[in-house]
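# build me a model from this:
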Amino acid sequence: MFSFCEDPSTLETFQWFSCYLTNGVHMLFYQSFLVVFALLAITAPLSLAMGFGAATASRSRLFPLRLLGKGYTSMVRGIPDIVFFLFFVLVLDQGIEYIRHLITCPDWDEPIRQGANFLVCDAARTPQGNAPQWIHETYNFALAIFTYAIVFGAFCGNVLYGAMNAVPRGQLETAEAYGMTRRQTFWRVLVPQMWIYALPGLSNIWMILIKATPLLFLLGIEDIVYWAREIGGSRNSRFAYPHPDWRFWYFLALLIFYLGFTRVSEIVLGRLTRRLSRGQASAVGAAP
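Just a heads-up that it's a prediction; the model follows:
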């Protein structure tokens, strides 16, 4: 970035770090923070939507729908996150290729599974091998987002289901006595009031989601943990500025980043809780 960066061996400490921290690899490291923010910005509302659907299904009068909602939340919450991430992404990727294989190559007569190999025709490869690199990265990121949404949607569903049940039954019966339909009671009485009961649980899920973002590294996505390990490691002769093993400092920087991020989240969630608590009565009938 600077004109004096052509020969790092001749630079003094400040100039050396100025060149080192602004080289191309560090720019990729800084951009990887945007990957984390994008994951959170997309996954959080998607998980909340899936959780709301699961909670609504769990309260349904239809037994199959109720079984589907409760089965989804119970099954996903009972599987360790790392196992689900590694397994589900692989299954989803192969499932997409298998469906495309059936559509694009109906005349294929060889077995798809040959030992440990999963073989489909070239036209069914997703994405195609000659596709630009950004398509491969976007596809992998989309798989990761969907997997995160499935996992955290189950936790959101359990929290929202409990919040719906926490709304006093008397208010729902009053709404029905005033002639509201079941649908009107749900959207005008139950849903607006359930958020104050759900917010503590949803706040915990948000914190856990922040802590789970390093799992992107296990899914093959070049996130902040990947670049911290690569740049901080001592095996970096392919970089322009080799140095000893500095992984301690890079991971310390990530620790500070996550602590600061969670602290900001706590402040925002605290203000949101106080705002939603306005006009709400406590269990003993007094204003909070």
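
# how close does D122 get to H101?
Per CB to CB, to the nearest Å, D122 is found 10 Å from H101. Where you see a C-beta, it was placed from the backbone N, CA and C, and this is true even at glycine.

# where's Q15 relative to P106, distance?
Noted for Q15: a distance of 64 Å to P106, by CB to CB.

# neighbour count: those two, which is higher?
Q15 (14 against 7; other CB atoms under 10 Å).

# you'd agree that one is in a strand?
No: under DSSP: H, G, I helix; E, B strand; the rest coil, Q15 sits outside any strand and is assigned helix.

# the chain: helices as residue ranges?
13-20, 24-58, 63-77, 81-104, 133-166, 169-177, 182-185, 191-212, 224-232, 247-276 (DSSP state H).

# redo these as CSV? Include distance to T126.
Output for the helices of the chain, formatted as CSV (distance: least, CB to CB, whole Å):
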stretch, distance to T126
helix 13-20, 39
helix 24-58, 20
helix 63-77, 24
helix 81-104, 5
helix 133-166, 7
helix 169-177, 47
helix 182-185, 40
helix 191-212, 25
helix 224-232, 23
helix 247-276, 32
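
# what's the closest of the ones you listed to G115?
Comparison of those against G115 by CB to CB identifies helix 81-104 as nearest, at 14.6 Å.

# which other helices and strands contact that closest one?
helix 133-166 (3 or more CB pairs under 8 Å, 6 or more residues apart in numbering; DSSP states H and E).

# could you give the average pLDDT over the helix it packs on?
Averaging pLDDT along helix 133-166 yields 91.

# check which helices and strands it sits against.
Where contact means 3+ CB pairs under 8 Å, 6+ apart, helix 133-166 is packed against helix 24-58, helix 63-77, helix 81-104, helix 191-212.

# right, and the ones you listed - which one's nearest F248?
Among these, the nearest to F248 by CB to CB is helix 24-58 (16.0 Å).

# quick one: that closest one to helix 247-276, angle?
Following axes from the mean of the first three to the mean of the last three CA atoms, to 10 degrees, one obtains 40 degrees for the angle between helix 24-58 and helix 247-276.

# buried ones in helix 24-58?
Within helix 24-58, the residues that count as buried by 16 or more other CB atoms under 10 Å are 26, 29, 32, 35-36, 39-40, 42-44, 46-48, 50-58.

# next one: it to chain centre, how far?
4 Å (CA atoms, centre = their mean, to the nearest Å).

# tell me the angle it makes with helix 191-212.
Using the same axes, to 10 degrees: helix 24-58 against helix 191-212 is 140 degrees.

# show me what helix 24-58 is packed against.
Under the contact criterion of 3+ CB pairs under 8 Å, 6+ apart, helix 24-58 touches helix 63-77, helix 133-166, helix 191-212, helix 224-232.

# output the ones you listed as CSV; include the columns mean neighbour count and distance to P111.
What follows is those, written out as CSV (neighbours: other CB atoms under 10 Å; distance: least, CB to CB, whole Å):
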stretch, mean neighbour count, distance to P111
helix 63-77, 15, 30
helix 133-166, 19, 25
helix 191-212, 17, 37
helix 224-232, 20, 35
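
# so for D122 and H101, which sits in the more crowded spot?
H101 (21 against 10).

# any idea how far the spatially closest residue to Q184 that is not a sequence neighbour lies from Y161?
Leaving aside its chain neighbours, Q184 sits nearest to A175 (7.3 Å; criterion: CB to CB, 6 or more residues apart in numbering). Note on A175: its distance to Y161, by CB to CB, is 20 Å.

# likewise for L190?
12 Å.

# V91: how many residues sit nearby?
The burial count assigned to V91 is 12, neighbours taken as other CB under 10 Å.

# for W246, same thing?
W246 has 15 neighbours, counted by other CB under 10 Å.

# low-confidence regions, the stretch 1-150 of the chain specifically.
Applying pLDDT under 70 to the stretch 1-150 of the chain flags residues 1-4, 6-11.

# contacting residues for the closest residue to G233 other than its chain neighbours?
Leaving out its chain neighbours, the residue that sits closest to G233 by CB to CB, 6+ apart is R247, at 5.8 Å. Residues near R247 by CB atoms under 8 Å, 6 or more residues apart in numbering: A228, R229, G232, G233.
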